[in-house]
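Trainee: mind folding the following:
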Amino acid sequence: MQTSNIPTSFKKIKDEPELSVVVLCYKSGETLIPYVEQMEKELREGGMDNYELVLVGNYFPGTNDKTPLIIRKLAEKNPKIVPITLEKKGMLGWDVIMGFKATNGKAIAFIDGDGQMPSQDIVRLFRVLKSGEFDLVKTFRKMRMDGAYRKFISNWYNMIFHILFPGASFRDVNAKPKLMTREAYNKMNLSCDGWFIDGEIMLESMRLDMNVAEVPTVFHKNEWRGSFIKIWAIFEFLAYMVFYRIKYWFK
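Mentor: Predicted coordinates for the structure are as follows:
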C-alpha cells in the first residue's frame, strides 16, 4: 500500500479555511463515506462553506484496512479533503498530531469518524468559539448509549484525572469534538502518541490558562464495530496520568 504524498509537505490550499476539521478514521472503512457526506451537509446547512476536512487514515503494514484507499479516492473527488494516510508510527495521539500538522484553518476541530460523536456538534461548537470568549470549546457526554463497560471506564478515568489534577474544572476529558483557535493550538506543546492525547490537550489548556467551554451532547452506540478501548487501556490510562502528574509538577 502506498502512502499519500501529502503528509511530507502537508498540502496548503490557496485560501485559508475558516475551519479545519480533523477526522480520525482509523479502520473506519466504507462507513466513512456516508459519515463524511453527512458532515459536509451539516456544515453547509450551518452556513459554513470555507472549511477543509483532514481525514486521518493511518495504518499498520500488513493489515487489510481499506480506509487509506477510501480516503485517497474521496480526496481525488473533493478538493476540500486533505488525505493523511501514513504508515503508523504511533497510536491515537500520533494520528491526532499528524492531523493537526496538516491543518490550514483559523480554527481547528477534531472528532472521531465512527459516528458516535455527532458531527452536527461541530457547527454548534464553532459558533461558541466564534464568540471570541473562549480558546477551546468541547462537549461533555450528558447522555451515553454505548453500554455499561464504556461508561465505567469513562467515569473511572474522569474521577482519577480530577484526583490527580484537582484544578481541572471540565467534566469529561475525552469528549469530542474539541475545537480550538489556531493561536491556542500554536501555544500547546503536544507530544503524546497514545490514548492520553485528549488529557494532554486539556492539561495544556490549564497550563496556558485558556478559557474553555463545555457543551452537552449525546454519545451514540457504535453499531458496526467494537470499541478499541480494551481492558489493558485502563492500565495505560493510569500510567499516563501518573507520568503527566509528575511532568506537570515541573511546568
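Trainee: residue 178 bridge partners, please.
Mentor: Bridge pairing for residue 178 (DSSP bridges) gives the partners residue 110, residue 138.
Trainee: roughly how far apart are it and residue 215?
Mentor: Distance of residue 178 to residue 215, computed by C-beta to C-beta, to the nearest Å: 11 Å. Backbone N, C-alpha and C define where each C-beta goes, glycine included.
Trainee: same question for residue 237.
Mentor: Residue 237 sits 24 Å away from residue 215, taking C-beta to C-beta as the criterion.
Trainee: what does residue 18 give?
Mentor: Distance, residue 18 to residue 215, by C-beta to C-beta: 19 Å.
Trainee: ditto for residue 147
Mentor: Distance of residue 147 to residue 215, computed by C-beta to C-beta: 23 Å.
Trainee: more neighbours: those two, which one.
Mentor: Set residue 147 next to residue 215 and count neighbours by other C-beta atoms under 10 Å: residue 215 wins out with 17 against 11.
Trainee: please identify the buried residues of stretch 146-164?
Mentor: 150, 153-154, 157-158, 160-161, 164 (16 or more other C-beta atoms under 10 Å).
Trainee: make a markdown table out of the residues you listed and add secondary structure and distance to residue 102.
Mentor: Compiled in a markdown table, those are given as follows (DSSP: H, G, I helix; E, B strand; the rest coil; distance: C-beta to C-beta, whole Å):
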| residue | secondary structure | distance to residue 102 |
| --- | --- | --- |
| 150 | helix | 29 |
| 153 | helix | 30 |
| 154 | helix | 29 |
| 157 | helix | 28 |
| 158 | helix | 30 |
| 160 | helix | 32 |
| 161 | helix | 28 |
| 164 | helix | 32 |
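Trainee: lowest-confidence member of these, which is it?
Mentor: The lowest pLDDT within those belongs to residue 150, with 78.
Trainee: contacts for stretch 40-56 next, please.
Mentor: The contact list for stretch 40-56 (C-beta atoms under 8 Å, 6 or more residues apart in numbering) reads 13, 15, 17-26, 32, 36, 39, 71, 74-75, 78, 80-84, 95-96, 98-99, 102-105, 113, 119-120, 122-123, 126.
Trainee: returning to that earlier point: got the buried residues of stretch 146-164 as TSV, with distance to residue 142 columns?
Mentor: Putting the buried residues of stretch 146-164 into TSV (distance: C-beta to C-beta, whole Å) gives the following:
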residue	distance to residue 142
150	15
153	18
154	12
157	17
158	13
160	21
161	18
164	24
